[in-house]
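# I'd like to go over a predicted model; first the sequence, then the structure.
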Amino acid sequence: MNIYIHIPFCKQKCTYCKFAITPVFDDYKKKKYLHFLENEIKNTLVQRNIKKVNTIYFGGGTPSILSADEIKKILGLFPEGAQETSFESNPEDISENFLEKIFSLGINRLSIGIQSLNPQTLEAVERSNPESIFSALESIKKFQVGKFILFGNKKISINLDFILGLPYTKKGEIFENIKYLHQKYPFITHTSVYFLEKGLYPKNWQKLSITEEEMTEEYNKICDFFEKKGWNHYEISNFSAPGFECQHNQGYWSHVDTIGFGLSASGFEKIYEGKFLGKRKTNALYFSGYYKGKIAEEEYLDVEQIELEKILFGMRTNGYSVNPRIPIVSDQKVQTFLEQKFLEGTPKKFRITQKGIPIIDRIIDDIIL
């Protein structure tokens, strides 16, 4: 069983953010939310008789807005022994003291939202400045032993997030940022690189950012950099040192049972009810609904819907093997994309190539019957 915990608070909302979050104006709002979150966790663990969890992921929002005592209280509700406990953080919240506290609680994967090192870009999207980023990384460096971050005898995975296409970022700049940080801080074990989604930013940004063609060119350079480094490109946006893949996200992509706790959190459960094989539930998107125990959506997935998701997830990760009992892809269309080098493999077992990644959505739409 995997666990996702949503912390919907931020000091301010980033310009491009699409998640259910709210700025924290007072401690009362946070305490009220945590009260309902803790009750949801306790009740669900009893109702579903959860005795073991594999991964725990604190997402947001900004989980690092919580105090160490608040994090400890939440983690104390779950059975011990999670293999991976991930925690998202903003750079300005990271200090040596904060790290020591969260590492002592069992957090062994820290994900930091860098996005860019360009000060003009960070100001435009209302993110922290480069000085905060370097201060955070220097604090982490104090726990470095050899090439890794260690706490006790346990390795801590350090992930950095970047976004291609933000305003004022020049052509090739994110690639250079990544190269520089990996050279300066060899303890980095994971890097995520996302394309800025259309519709999530003001119209004038398009004039202030690089073109889609330039983003694709830069993304390809980033892929080549990590390949030469010997890292695994295990999902379109995710690169890791061997053995440091995000287990929690891999669980999402392979339909591992997951419970989502908190505002707008989503979970998946395997079921065997007639023609249905899975159930996906999403909590209420607004605080008023969440406090009343409402859900935003509950979807039952039949065998074809599960297979469609296997295509969607498989194309982003390690490929898709055709299920002969559920023919939902066109062999002819797959063959065409294989010949054009957008896919590799055979019509029965194929995966996306680096050349095909920029048009992956079109490829998926075309091959599905």
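Happy to help now that I have it.

# contacting residues for residue 237?
192, 193, 194 (C-beta atoms under 8 Å, 6 or more residues apart in numbering). Bear in mind the C-beta positions are built from the backbone N, C-alpha and C, glycine included.

# got the contact list for residue 341?
Going by C-beta under 8 Å, 6+ apart, the list of residues near residue 341 reads 353, 355, 356.

# ok, and the most crowded of these?
Using other C-beta atoms under 10 Å as the neighbour criterion, residue 356 leads the contacts of residue 341 with 19 neighbours.

# what's near enough to touch the closest residue to it other than its chain neighbours?
Nearest residue to residue 356 in three dimensions, chain neighbours excluded: residue 342, at 3.4 Å (C-beta to C-beta, 6 or more residues apart in numbering). By C-beta under 8 Å, 6+ apart, the contact list for residue 342 reads 352, 353, 355, 356, 359, 363.

# what pLDDT does the model give the nearest residue to residue 230 once chain neighbours are set aside?
Among residues not flanking residue 230 along the chain, residue 242 sits closest, at 7.2 Å (C-beta to C-beta, 6+ apart). Note on residue 242: pLDDT of 98.

# returning to that earlier point: residue 148: which of the contacts of residue 237 is nearest?
residue 192 (19.0 Å; C-beta to C-beta).

# among the contacts of residue 342, which are in helices?
With DSSP state H as the criterion, helices contain residue 363 from among the contacts of residue 342.

# now the contacts of residue 342 in JSON lines, with pLDDT and distance to residue 188?
Formatted as JSON lines, the contacts of residue 342 follow (pLDDT from 0 to 100; distance: C-beta to C-beta, whole Å):
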{"residue": "352", "pLDDT": "97", "distance to residue 188": "25"}
{"residue": "353", "pLDDT": "96", "distance to residue 188": "26"}
{"residue": "355", "pLDDT": "94", "distance to residue 188": "27"}
{"residue": "356", "pLDDT": "95", "distance to residue 188": "27"}
{"residue": "359", "pLDDT": "94", "distance to residue 188": "30"}
{"residue": "363", "pLDDT": "97", "distance to residue 188": "31"}
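
# between the contacts of residue 342, which is closest to residue 48?
For these, the nearest to residue 48 is residue 352 (35.7 Å; C-beta to C-beta).

# which SS state does the closest residue to that closest one other than its chain neighbours fall under?
Ranked by C-beta to C-beta, 6+ apart and with sequence neighbours excluded, the top spatial neighbour of residue 352 is residue 315, at 5.3 Å. Here residue 315 is recorded as helix under DSSP: H, G, I helix; E, B strand; the rest coil.

# residue 315: what's it in contact with?
If you count contacts by C-beta under 8 Å, 6+ apart, then residue 315 has 351, 352, 360, 363, 364 around it.

# surely the third one touches residue 351?
No: Residue 360 sits out of contact with residue 351 when judged by C-beta atoms under 8 Å, with a separation of 10.8 Å.

# just to revisit the earlier point, hmm, which of the contacts of residue 315 are the buried ones?
Burial by neighbour count, judged by 16 or more other C-beta atoms under 10 Å, picks out 351, 352, 363, 364 from the contacts of residue 315.

# between those, which is nearest residue 171?
residue 352 (24.4 Å).

# could you spell out the sheet neighbours of whichever strand or helix holds residue 281, each with its direction?
Per DSSP states H and E: residue 281 is located in strand 276-283. In the sheet, strand 276-283 lines up against strand 266-273 (antiparallel), strand 295-302 (antiparallel) (DSSP bridges).

# could you dump these to CSV with distance to residue 131 and mean neighbour count?
Shown next, in CSV, are the strands paired with strand 276-283 (distance: least, C-beta to C-beta, whole Å; neighbours: other C-beta atoms under 10 Å):
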stretch, distance to residue 131, mean neighbour count
strand 266-273, 36, 14
strand 295-302, 39, 14
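
# what would those strands look like in TSV with mean pLDDT and distance to residue 84?
What follows is the strands paired with strand 276-283, written out as TSV (pLDDT from 0 to 100; distance: least, C-beta to C-beta, whole Å):
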stretch	mean pLDDT	distance to residue 84
strand 266-273	93	17
strand 295-302	95	26
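
# export those to JSON lines and tack on distance to residue 255?
Below are the strands paired with strand 276-283 laid out as JSON lines (distance: least, C-beta to C-beta, whole Å):
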{"stretch": "strand 266-273", "distance to residue 255": "6"}
{"stretch": "strand 295-302", "distance to residue 255": "9"}
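
# I'd like to know which of those lies nearest to residue 98.
strand 266-273 (28.3 Å).

# residues contacting that closest one, please?
Here strand 266-273 has contacts from 4, 252, 255-260, 277-283, 300, using C-beta under 8 Å, 6+ apart.

# low-confidence stretches in the stretch 151-300 of the chain?
The stretch 151-300 of the chain contains residues with pLDDT under 70 at 198-207.

# show me the strands in it, by range?
Applying DSSP state E, counting those that start in this stretch to the stretch 151-300 of the chain gives strands spanning 154-164, 190-195, 232-235, 238-240, 258-261, 266-273, 276-283, 295-302.

# could the ones you listed be laid out in JSON lines, adding distance to residue 70?
Below are the strands of the stretch 151-300 of the chain laid out as JSON lines (distance: least, C-beta to C-beta, whole Å):
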{"stretch": "strand 154-164", "distance to residue 70": "20"}
{"stretch": "strand 190-195", "distance to residue 70": "25"}
{"stretch": "strand 232-235", "distance to residue 70": "31"}
{"stretch": "strand 238-240", "distance to residue 70": "28"}
{"stretch": "strand 258-261", "distance to residue 70": "14"}
{"stretch": "strand 266-273", "distance to residue 70": "22"}
{"stretch": "strand 276-283", "distance to residue 70": "19"}
{"stretch": "strand 295-302", "distance to residue 70": "25"}
